[in-house]
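J.: one predicted model, sequence on top.
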Amino acid sequence: MSLGADDGILDHYQALEPEHLNVTTPVANPNAHRHRHKHLAWFWTMDIPKDTCANDWMSEFHWLRAKSQRDICHEEVELLQCKMSWMKNFFLHQANHWQALNQLAESSRNYGLQCYSAHQHTMYTHLAA
């Protein structure tokens, strides 16, 4: 192996072959019928809990996973704050648009449009608050 691992590691972790990477029914559904003679690749049968207790470096992966989940949460909070700001800006834009239409309807004495645009302006102003 090109990484220079010792024999103990190579006994536990074998080389990956292309046929190991095929998805088979026993992996997707281990309780399916007629799979008694089909063998899974070596990494599907590893004892992960034992490995995590025996090797300190496995705890590093747990730390990295927890850190990535924390980072995802921070990113979600930032995105939600941006989305809220975008929505408020959209509502303010709509309120300004309907206010301009209200002024246009008032000058042209279009009372139906004036009433509707006043209602829309009020609604979008309340949504932006």
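T.: Yep, that arrived.

J.: give me the low-pLDDT residue ranges for this protein?
T.: 1-3, 11-12, 20, 22-59 (pLDDT under 70).

J.: for the helix ranked longest in it, packing partners?
T.: In the chain, with assignment by DSSP state H, the single longest helix is helix 57-107. If contacts are counted by 3 or more C-beta pairs under 8 Å, 6 or more residues apart in numbering; DSSP states H and E, helix 57-107 sits against helix 48-54, helix 111-128. The C-beta positions use only the backbone N, C-alpha and C, and glycine is treated the same way.

J.: reformat those as JSON lines; add distance to Glu78.
T.: Shown next, in JSON lines, are the helices and strands packed on helix 57-107 (distance: least, C-beta to C-beta, whole Å):
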{"stretch": "helix 48-54", "distance to Glu78": "32"}
{"stretch": "helix 111-128", "distance to Glu78": "21"}
